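K.L.:
Here is my input, please return the structure:
(chains A and B)
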2 protein chains.
Amino acid sequence: MAQRILVLGGGFAGMFAAKEIKKKLGTHVRVELISDQNYFVFQPLLPEVGAGSINAVQAVSPLRFLLKGITVRKARVENVDFERRVVTVFQGVQRRPTEVPYDQLVIALGQGSDLSRMPGLSDHALTMKNLEDARRLRAHVIERLEHADITNLPEVKREALTFCVIGAGFSGVETVGEMKEMIDRSLKYYPNIKPEEVRTIVVEFAPRVLNELPEKLGAYAAEKLKARGIEIMLNTGVKSATGTRLITSTGEEIPTRTIVATIGNAPLPVVQRMDLPKAHGRIKVDRNLNVEGHVNVWALGDCALIPMKDGAEARDDFAPPTAQFAVREARHLGNNMAASLRAKTMTPFKYKSQGALASLGAHKGVAQVWGLNLSGLPAWLLWRAYYLSFLPSFPTKLRVLTNWIYDLFTPRSVVQLTSGADRGVRFVHYREGDRVFETGTRADGFYTIVSGEVELTYTDDAGQQVTKVIGPGGHFGERLLLGHRRRSGTVKALSDCKIMVIAREDFVKLAEGFPLMRDYFQGHMKAVYGIDWHSEEAEQKAAG
Amino acid sequence: MAQRILVLGGGFAGMFAAKEIKKKLGTHVRVELISDQNYFVFQPLLPEVGAGSINAVQAVSPLRFLLKGITVRKARVENVDFERRVVTVFQGVQRRPTEVPYDQLVIALGQGSDLSRMPGLSDHALTMKNLEDARRLRAHVIERLEHADITNLPEVKREALTFCVIGAGFSGVETVGEMKEMIDRSLKYYPNIKPEEVRTIVVEFAPRVLNELPEKLGAYAAEKLKARGIEIMLNTGVKSATGTRLITSTGEEIPTRTIVATIGNAPLPVVQRMDLPKAHGRIKVDRNLNVEGHVNVWALGDCALIPMKDGAEARDDFAPPTAQFAVREARHLGNNMAASLRAKTMTPFKYKSQGALASLGAHKGVAQVWGLNLSGLPAWLLWRAYYLSFLPSFPTKLRVLTNWIYDLFTPRSVVQLTSGADRGVRFVHYREGDRVFETGTRADGFYTIVSGEVELTYTDDAGQQVTKVIGPGGHFGERLLLGHRRRSGTVKALSDCKIMVIAREDFVKLAEGFPLMRDYFQGHMKAVYGIDWHSEEAEQKAAG
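P.N.:
Numbering: from 1, shown residues only, chains lettered A, B, ... in the order given. As a prediction, the model looks like this:
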């Protein structure tokens, strides 16, 4: 019977590995690819999606279009039983697990991100890992422009118009460059925003931008970004973040409502759970891309630690986590798997980078290819041509090209498609002195203090001003159960705080549906406000 | 000083009213429009967005592009103080209210929907009211195809491949037609789905489809839909719905995971709160479009009840809630407001429909225009041309046209962009005998029974099978706090049930962050499972 080859992951590494294996081994094998998204996303284009210079659908191709003759399974990988040679997955919304058996397993799941080292950052920063992130960024930036255009509060306007990107590697530089272009092109539709009111900042821990490229190109990129009004803060790390502040390692407090973190790569939980040899959270393979001690398990791409020479130790001795290497690793893996299945000799992976490309927005780019340094428009065109060459079919290429040409002479749309509706339970961070909310503001949720202290001030029924200090475990904002749509008190942070917020709609359901909560709040509303809170009534009021 | 004219709502009625007023009154007035979205959506195209035949961005235009010289404020209207002549809004994410004063107020907020009359429907049906709905529908349908292609369970496959639309008016017919075309064109990428396994059903309470059109065109549409394999259930209402069933008024149980409700128009809460004369939830205006008793307040579009003759009483005596009428009402309002401000005589609104158009998908349509009945391709082309004529600028028209032409000869993309990630607190409905979950399935959340009874079966530590009946207020699924990723018991509905589900991630945060919950679950886990549940440990496990 044909060997069952199972590829986990649908990014550059997984998609190309499946393709190469099928190409090398043809009908001798059955190849299946498992991905939690049903599309391949051209990751380097995410910043352009984030800036609306291309559409989300143009940056992706359905895996089923790309992988003819290969089974595509849209599912989340839960775990692998290497003994029984079975992968357990959850398919779609289904809660029932499905077992997928394999003879050869290829792991190409990539990396996740972890911002938890910097307090507040994971709760307040946007990331640029996947397509959803890119779309969210675009909607977020437009929302800030809409708000800045109409607010009467100078402080709010300043926060809304300050855009920070953390990290000045490829992703950070492209994100800040594209974001700036989008803002510049959109300003004509926002009559109350002056160009000089917009601040765009990129914060980088290293002493220069684009560490991956030669110094000369990095300097060129920095110069171009500065010329367009982008501030570059070098030798600067991030200490913490709140909903309105970014605090740097140098102690500076930047008033901002937009933080994009392009740093903090970390292993995915599913890879962490795998019982395989690992180093720095990545799966250890030999130079043949075979996982140590598992003859039928392979790994490549960002989740694998691939030595480029025997006795590899230094960082440069291992393959870097880039798309270019992933594609080459995939080809190599196809060859080695074919050799292995035919009992022939495998060859060790080696590859030298053919160069690097970065888009800076506004039709500028930097590139180092085949030993040549390019910059400006030629580099940008090369970058676009490189992407076009990747697209699956001629009609798709033509469609994307047409849209790019239109983008040159039509206004960039400022449609804000994704709504930023707050749902569920989330954590928010405040700095000492921050106002959490004030009298008259919209009652958006129920707040419980996780750490820190706040001061609550309100006027009681007798007209007396009352002040209370609330510490960890204390809560406020429960009056929304009475159908109140506005705050009747002011809350200020007395120290740095972490607060759990249950969104209004979810809190009302919870207080109605979970008896423990219902009983508690019935007693609480009686004791504190002297009000009989009957659930039906409150529900009706809340619905109105 | 120039009169301040404030328009509430950015749909057909509001957008065109703002435009017409500006055109008529020019620099004599300051016109401002408030909308909670920053774009105008061409509502009749939503079904095509839902089917991916056009992109979301092609169905919308930024209000700022369309309304030159008019201030656009992206904000949610909270309430109107007709005495003080002030509208209170919440701007963007801001919780602080903003007051916007006016001299003349135009209310064009449209309608919402209310499915609460049919148990389970509002929790389990998709709607087709806005762009977000359309995008959600597309992602939902693709998810069902992905799942049907890989599942081994015939029952699940049958449910996944049955698509129901409720209502066979314009919106329902277009939705079912476009959805069927999308599925038909996508099937070649899903090798395990046979065309005959797909069921597409439209359920209509009336005895025929497209009640708005002459009988002949309705019959033509029905015939075309049937020829393409769409089932039409006439004289059939909806009784209730669950996550896997649609129960009709005739008692039929349709196994389905896709219900699109195009019925159930209802007044928006914000309109309900307005202290104005109303009938059937709509604002009563006179034939001049002036709200009764408020000389400077006007209303039009779907939120207004507009008499077309004196002493109007029958349904046909009032303007129907269609885009065509809204546009004409807007023009009339512009004239009347100009007359009113110049102390001239206003004229009563009257208009006769110029016809109606519906797309059936697969390049077919039906139309009645200027007394002519058209069907098939000509009607479909007319429909597209009509839309193109609405688009704001020549480059945009060209861009949309190009994309339509591409759609004719390139495959329809099956990329599933929106993720169906469950967040927050929601209600789900089960029918007697339904399995809520079973041993080994993914632990997706914490369940509390709102009404009905379930039976929980599990094997205890001694290997004994234990059965428990749980009624209202009872809960299950809390073992996910211990880091369990799978269910260790089976739950079946003993009667029709309504259950509150708190999504896994939100529940873990809640049980950690809210002391009442933490204490309760610490005691509960000890009493029931004999386990010391320490929050940090559970958090780590859950994170792992």
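
K.L.:
and residue A:453, how many neighbours?
P.N.:
17 (other CB atoms under 10 Å in any protein chain shown). In this view, the C-beta of every residue, glycine as well, is placed from N, C-alpha and C.

K.L.:
before we move on, what about residue A:262?
P.N.:
Using other CB under 10 Å, the number of residues around residue A:262 comes to 27.

K.L.:
Quick one: list the elements packing against the helix or strand where residue A:505 lies.
P.N.:
Assignment of secondary structure by DSSP states H and E places residue A:505 within helix A:504-513. In terms of contact count using 3 or more CB pairs under 8 Å, 6 or more residues apart in numbering or on different chains; DSSP states H and E, helix A:504-513 is assigned the packing partners strand A:445-451, helix A:515-529, helix A:535-543, strand B:425-430, strand B:497-503.

K.L.:
so for the last one, what's the average pLDDT?
P.N.:
In this model, strand B:497-503 carries a mean pLDDT of 91.

K.L.:
just so I have it, where are all the strands in the stretch 251-400 of chain A?
P.N.:
Counting by DSSP state E, counting those that start in this stretch, the stretch 251-400 of chain A has strands at residues A:253-255, A:258-261, A:265-266, A:278-279, A:282-284, A:297-299, A:304-305, A:355-361, A:364-369, A:372-376.

K.L.:
next one: the third one to chain centre, how far?
P.N.:
Right, strand A:265-266. Relative to the centre of its chain, strand A:265-266 is centred 11 Å away, using CA atoms, centre = their mean, to the nearest Å.

K.L.:
Please apply the same query to the fourth one.
P.N.:
Between the centre of strand A:278-279 and the centre of its chain there are 24 Å (CA atoms, centre = their mean).

K.L.:
Likewise for stretch A:201-208?
P.N.:
The chain centroid and the centroid of stretch A:201-208 are separated by 19 Å under CA atoms, centre = their mean.

K.L.:
What of stretch A:491-506?
P.N.:
Chain-centre distance of stretch A:491-506: 24 Å, with CA atoms, centre = their mean.

K.L.:
Name the residues of that stretch that come out as buried.
P.N.:
A:491-493, A:496-506 (16 or more other CB atoms under 10 Å in any protein chain shown).

K.L.:
Over to stretch A:196-209?
P.N.:
A:198-205, A:208-209.

K.L.:
what does stretch A:349-369 give?
P.N.:
For stretch A:349-369, the neighbour count (16+ other CB under 10 Å) marks A:349, A:355-362, A:364-368 as buried.

K.L.:
how about a markdown table for the residues you listed, with distance to residue B:257 and pLDDT added?
P.N.:
Listed next are those as a markdown table, based on distance: CB to CB, whole Å; pLDDT from 0 to 100:
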| residue | distance to residue B:257 | pLDDT |
| --- | --- | --- |
| A:349 | 45 | 96 |
| A:355 | 48 | 82 |
| A:356 | 46 | 83 |
| A:357 | 44 | 85 |
| A:358 | 44 | 86 |
| A:359 | 41 | 86 |
| A:360 | 46 | 88 |
| A:361 | 43 | 84 |
| A:362 | 46 | 81 |
| A:364 | 48 | 88 |
| A:365 | 46 | 89 |
| A:366 | 49 | 89 |
| A:367 | 48 | 88 |
| A:368 | 51 | 86 |
